[in-house]
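>>> Compute the structure for the input listed below.
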Amino acid sequence: MRKLSSLLYKDILLLMRDKAGLLLLFLMPLSLVLIMTLLQDNTYRTLQENRIPLAILNKDNDSLGTIIIRELRSSKMFNVDVVKTEKNAEKKIREKVASGSYQLGLIIPDSSTFKIKQSVRKSVALAFAGLSKPKLKNSDSLHIMILIDPTTKESFKATIMSNLREFTQHVEYKITMNEINRELQRKLMSPDLDVTPDRLISYKEQFALTNKCNIMPNSVQHNVPAWTLFAIFFIVISLSTNMIKEREEGIFNRLLVMSCSYKIYLFAKMLTYLIVCIILFCLMLLMGVYILPLAGLPSLSIGHNIPALALIVISSSLAAISFGIAIGTIASSHQQAANFGSVSVVILAAIGGIWVPVFAMPHFLRTISILSPMNWGLEGFYDIFIRNQNFISVLFPSAQLIIFSILCLSIGIGYFNYHRKLK
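Model (predicted):
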């Protein structure tokens, strides 16, 4: 225990000695979160090449539902999966969208096609009778429910909804004109007749949130956890270069000569940087809750699952620290550690969904995104900050991160033991 406390004291002194570096370690991630959240708050981007997973519950079972499914399937934007009409089907599709299995859910109500046909017949009859069309009541409209995965960023949601409305309105127009032609075949043609019915289909857009979730998804809820995770992993540069510096200055060899085992040395490193990661995370939360609202952004909602939050933070931090230890053990120079550490973290962030949502990536990148520890950590953070899930929901991503941590530590220790035998 005395050896461990001495090593902790030594590591903390090394961090405190480089005051400028320590300041940058905290200020740069905070600045990154602030800037990226401000940039993405009202930014709209287009989705052209990648199919978005969409589930449809077709209660209509007639022309409208059939044509909507066919049109969406023929598009290059949506990957359509039709959910069987059964008991609790609406609840199931809502849960699937809320959990992230689908990006969107579409619920077409009963008798939709019948309502459109009835509206057209009424409009034609009134037109031939020389009467004006009555104002359409809200109860006569079709309300197509559009469920949205709460983790969908605002910029992508706007484009998705625009395309979805365009598809369904095109279908409505097609069915309406077909019915008008049928009705007019039964009656005399008149060039002055206004037989086109009012817009019948409307949309109810909402996030697919479970009953227990009271957190409203927004740019802050998305960006703060995402860029906090990125900042935690960027600590690998500081950690790896710190280890190399100790080797170059002879501190590491002196510690080993003083009967300090390599495992205790690593444990002290992990504990020191775990404290740094937790402090960094707390600062991010404080900024999300108190600083971002001063810039006109929503306040961060932390939720009530503090144990789950603590678990995912600690497991993410351990994964980042172990990754840094592996780099610091294998790299032979500051330049190697800094270059490989920074580039690898950026790559893991890119394929992990930190910058661009996974569903918007090309198929190849979506496939390999599951290999990124940042993707696991991000899913865990989203479960807490957006889906407001319970402790059990973060067990799987946390287990993945801990396994990754053990793997990195094993690589570092194995590499150290191998080179020590060679000497």
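>>> Would you check how far apart Gly100 and Ser393 are?
Separation of Gly100 from Ser393 (C-beta to C-beta, to the nearest Å): 11 Å. Every residue, glycine included, has its C-beta placed from N, CA and C.
>>> Now for the two: what residues contact both?
For the pair Gly100 and Ser393, residues contacting each of them under the criterion C-beta atoms under 8 Å, 6 or more residues apart in numbering are Arg387.
>>> lowest-confidence helix or strand of the chain?
strand 201-207 (a mean of 53; mean pLDDT, DSSP states H and E).
>>> Tell me which helix or strand comes right after that strand.
helix 219-233 (DSSP states H and E).
>>> Packing partners of that next one?
Contact partners of helix 219-233 among helices and strands, from 3 or more C-beta pairs under 8 Å, 6 or more residues apart in numbering; DSSP states H and E: helix 19-40, helix 262-286, helix 306-330, helix 334-352, helix 373-385.
>>> any idea which of those scores lowest on pLDDT?
The minimum mean pLDDT among the helices and strands packed on helix 219-233 belongs to helix 19-40 (a mean of 59).
>>> buried stuff in stretch 67-75?
Taking 16 or more other C-beta atoms under 10 Å as the basis for neighbour counts, the residues of stretch 67-75 that come out buried are Ile67, Ile68, Ile69, Glu71, Leu72, Ser75.
>>> Now the residue positioned nearest the centre of the chain. Nearest residue, chain neighbours left out?
Nearest to the mean C-alpha position of the chain, by C-alpha atoms, centre = their mean, lies Thr151 at 4.7 Å. Here the nearest residue to Thr151 in space, its sequence neighbours aside, is Tyr382; by C-beta to C-beta, 6 or more residues apart in numbering that works out to 4.9 Å.
>>> Next, count neighbours for the one you found.
24 (other C-beta atoms under 10 Å).
>>> Next, Ile108: phi, psi?
In terms of degrees, to the nearest 10, the main-chain angles of Ile108 are phi -90, psi 120.
>>> how's this protein carved up into domains?
Residue ranges for the structural domains of the chain, counted by automatic domain parsing, are given in the record as 2-40+216-422, 52-207.
>>> that's a strand at Thr101, yeah?
Thr isn't right for residue 101; it's Ser. No - following the definition DSSP: H, G, I helix; E, B strand; the rest coil, Ser101 is coil and is not counted among the residues of a strand.
>>> what's near enough to touch it?
When the contact criterion is C-beta under 8 Å, 6+ apart, the partners of Ser101 are Pro53, Ala55.
>>> which regions of the stretch 1-150 of the chain sit below the pLDDT cut-off?
Where the stretch 1-150 of the chain drops to pLDDT under 70, the residues are 1-4, 6-50, 76, 124-142.
>>> what helices or strands is the helix or strand containing Ile237 leaning on?
Ile237 is part of helix 235-248, with elements assigned from DSSP H and E. With contacts defined as 3+ C-beta pairs under 8 Å, 6+ apart, the secondary structure elements packing on helix 235-248 are helix 2-17, helix 19-40, helix 251-257, helix 262-286, helix 306-330, helix 334-352.
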